[in-house]
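**Student:** fold the following.
(one chain, ligands or ions: 2)
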Amino acid sequence: RSCSGYVSRTRYLMRLREDDEACREALRSGNFLLYHKLAPLLQKTNSGVYKLACLKTSDLEHVLEKVGKDKHFVNESFLLGCTDKSEPQFSLEVGDLDRSALEQECRGMFVDLRKAFFMITGPESALVAKGQALLRWHQTNGFCSATGQPTVRNQSGSFRVCHSSGVTYYPKMAPVAIVLVSDGSRCLLARQAMFPPGMYSALSGFCDMGESLEEALHREVAEEVGLEVENLQYSGSQHWPFPQSSFMLACHATVNPDKTQVNIDTAELEDARWFSFEEITEALQKPPRNPKGEPPVFWVPPPYAIANQLIQEWANQQQLSRKRHGLK
Ligand SMILES: NC(=O)C1=CN([C@@H]2O[C@H](COP(=O)(O)OP(=O)(O)OC[C@H]3O[C@@H](n4cnc5c(N)ncnc54)[C@H](OP(=O)(O)O)[C@@H]3O)[C@@H](O)[C@H]2O)C=CC1
Ligand SMILES: [Mg+2]
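**Tutor:** Numbers count the residues shown, from 1 in each chain. Ligands and ions are numbered 1, 2, ... in the order given. Predicted structure coming up:
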């Protein structure tokens, strides 16, 4: 994509965020993601795969009319971004309207976001997560924490303000450190009791107030498995919508191969163990499945989760060093 195209789209979005009138105008040519009690609307394509449903303004107004809702309800939407063609994208919560009537009118279905992540792929995953996160934030920030008075949104939904205290509230993400610890030939994964059966993930934890990412990583690993890590290497970041918006900051780290004995904090973790390259490669190739009654098989978070990216990177790194050492 051309740089100037990106810059002009960014400036356009900036204007929509700041100018209520311009944002109301943009609603006339919008693309809308619908959520029913935070479950996004998906549609099945002709080839049988699911995609995120994206309604044009006129289609949305038509649907609203069919289910007996005033078309001005469109104005309740929140601005998410814009397409490559500078078409503004919005999210709208329709949880007060009849779910099955909407599904019928839109020829789609509302799917729990966790399930939706397994059904759609690519950039749509980040967009659908953002849409839900923004709706949730507005639903839970309707009152000023200083005065208890109602807060009022701007048209784009980029903030809420309390006219009594003058405080402006902006949508928030909580920073989380996530780290894949390696001892050189194995990597350390853990599971919480609430994870789906068999799933293990990289170690993670919320950053404390005033802490750096590096401090949070060292502390979390020490707290959860009793190990001291070194050689932190930044990998990437992502917004994670569950249970409330987290900002995941992902790193690799190593431990001394002579000091790998884990000492688990059982209040936080159900299990933590070292996995070999072979176990990891097998898990990365397996689709997640847990048929009832069968003992849970080991699997890792799906590709959309940044934990998966860390595990994938580690496996690639192992493969390279094995090649270098003449191993298979
Ligand atoms: N995208 C990805 O690949 C992954 C994402 N994650 C996400 O990272 C997040 C944190 O991971 P987790 O290991 O559970 O965190 P922690 O190890 O910090 O453990 C969670 C603890 O923090 C408390 N807590 C909840 N919210 C906050 C907050 N905003 N700030 C500070 N403490 C809080 C919880 O309390 P209590 O529950 O008792 O109220 C709980 O005791 C989770 O939301 C998880 O979904 C985790 C791994 C992979
Ligand atoms: Mg944790």
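**Student:** first-to-last residue distance for stretch 254-273?
**Tutor:** One end of stretch 254-273 sits 15 Å from the other (CA to CA, to the nearest Å).
**Student:** who touches that stretch?
**Tutor:** Residues from elsewhere that reach stretch 254-273 (CB atoms under 8 Å, 6 or more residues apart in numbering): 181-186, 188-193, 195, 200, 203, 223-231, 274. Every residue, glycine included, has its C-beta placed from N, CA and C.
**Student:** ramachandran angles for the residue in the chain positioned nearest to ligand 2?
**Tutor:** Ranking the residues of the chain by distance to ligand 2 (CB to the ion) places residue 205 first, at 4.2 Å. Dihedral pair for residue 205: phi -170, psi 150, per degrees, to the nearest 10.
**Student:** returning to that earlier point: what remains of the contacts of stretch 254-273 if I keep only buried residues?
**Tutor:** Buried members of the contacts of stretch 254-273, counted by 16 or more other CB atoms under 10 Å: 181-183, 186, 188-191, 195, 200, 203, 224-225, 227, 229.
**Student:** beta partners of the residue positioned nearest the centre of the chain?
**Tutor:** Among the residues of the chain, the one closest to the centroid is residue 240, at 2.9 Å (CA atoms, centre = their mean). On the basis of DSSP bridges, residue 240 is bridged to residue 246.
**Student:** my read: it touches residue 249, true?
**Tutor:** No. With contacts counted by CB atoms under 8 Å, residue 240 stays clear of residue 249, the gap being 10.7 Å.
**Student:** ok now stretch 89-105, how far from the chain's centre?
**Tutor:** 22 Å (CA atoms, centre = their mean, to the nearest Å).
**Student:** quick one: neighbours of the residue of the chain closest to ligand 2, just the number.
**Tutor:** Neighbour count of residue 205, defined by other CB atoms under 10 Å: 17.
**Student:** neighbours of residue 152, how many?
**Tutor:** 11.
**Student:** cool, and the one 5 residues further on?
**Tutor:** Residues within reach of residue 157, counting by other CB under 10 Å, total 21.
**Student:** tell me which element it falls in.
**Tutor:** Remark: residue 157 resides in no helix or strand, with elements defined by DSSP states H and E.
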